[in-house]
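Provided below for reference: sequence and predicted model.
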Amino acid sequence: METDEIPLTASSSLEVRSTPYTGESNARGVFATKKILRGSLIERAHTIRFSAEEHDAHAMKTVLQHYTFSAGGGEYYLALGIGSLFNHRDPPNVEFRIHRGTQTISYLACSDIEVDEELCIFYGKNLWFEDHLAAPREPHSASTLRDEAKIGGDDLPFSDLILD
Ligand SMILES: C[S@@+](CC[C@H](N)C(=O)[O-])C[C@H]1O[C@@H](n2cnc3c(N)ncnc32)[C@H](O)[C@@H]1O
């Protein structure tokens with residue numbers, strides 16, 4: 001197989017595509033190539049875990065600060081593979097959970113996802129970029145799955161996590 005024929009992900013239902021709207025030089029996002037049903041496990045990413053000291057002294061001074069999941073309690077996780085490529089949307093169509101024991105992060109569909117739809121997680125309310133996927137808010141919208149499941153606080157970069 002020629003190099004340019006090798007797909008950017010080996011998954012049969014996901015594809016990494018260019019997302020110029022995010023404004024980075026090599027902007028990417030994760031898209032569905034098949035319909036994904038609510039509740040489906042999309043990905044289980046292995047991670048690199050590091051401490052608050054390592055985060056504050058090193059990671060937060062680099063681009064890694066935009067990729068790091070904070071689990072509270074001085075723990076930070078960098079997801080490997082496509083786990084670091086989900087863009088932000090509120091409301092999201094993907095929820096994530098950090099599994100401390102296995103140092104993994106799982107990503108689950110929290111709504112049905114159509115072919116060619118981008119898969120997005122919720123980063124939290126304090127964003128460090130202009131949100132190009134922001135949807136106009138209903139004044140009295142019903143709570144989402146995320147609101148019901150929320151455990152983290154808004155002081156965390158990613159406040160939508162569920163720990164085990
Ligand atoms: C964890 S990375 C996501 C993957 C990233 N797009 C890439 O290609 O490496 C987070 C970065 O993606 C961009 N991003 C994510 N969601 C976005 C959104 N809704 N609107 C604009 N930029 C977004 C921001 O630049 C943010 O710092």
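On my side now, so go ahead.

by contact count, what packs against the strand with the most length in the chain?
In the chain, taking DSSP state E as the definition, the longest strand is strand 41-51. Helices and strands touching strand 41-51, by 3 or more C-beta pairs under 8 Å, 6 or more residues apart in numbering; DSSP states H and E, are strand 75-79, strand 104-109. Any C-beta I mention is one placed from the backbone N, CA and C, and that applies to glycine too.

give me the pLDDT for residue 159.
Looking at residue 159, its pLDDT is 38.

nearest to the ligand, of the helices and strands packed on strand 41-51?
With C-beta to the nearest ligand atom as the measure, strand 75-79 is the member of the helices and strands packed on strand 41-51 nearest the ligand (8.5 Å).

mind checking the pLDDT average for that closest one?
Here the average pLDDT along strand 75-79 is 96.

tell me what the helix or strand immediately after that strand in the chain is packed against?
Downstream of strand 75-79, the next assigned helix or strand under DSSP states H and E is strand 87-88. Other helices and strands packing on strand 87-88, by 3+ C-beta pairs under 8 Å, 6+ apart, are strand 118-121.

quick revisit: which residues does the longest strand of the chain contact?
Residues from elsewhere that reach strand 41-51 (C-beta atoms under 8 Å, 6 or more residues apart in numbering): 11, 13-14, 36, 59, 69, 74-84, 94, 103-109, 119.

circling back: can I get the helices and strands packed on strand 41-51 in a markdown table including distance to the ligand and mean neighbour count?
Listed next are these as a markdown table, based on distance: least, C-beta to the nearest ligand atom, whole Å; neighbours: other C-beta atoms under 10 Å:
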| stretch | distance to the ligand | mean neighbour count |
| --- | --- | --- |
| strand 75-79 | 9 | 21 |
| strand 104-109 | 12 | 20 |
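
quick one, the longest strand of the chain and strand 104-109 angle?
Comparing the axes of strand 41-51 and strand 104-109 via axes from the mean of the first three to the mean of the last three C-alpha atoms, to 10 degrees yields an angle of 150 degrees.
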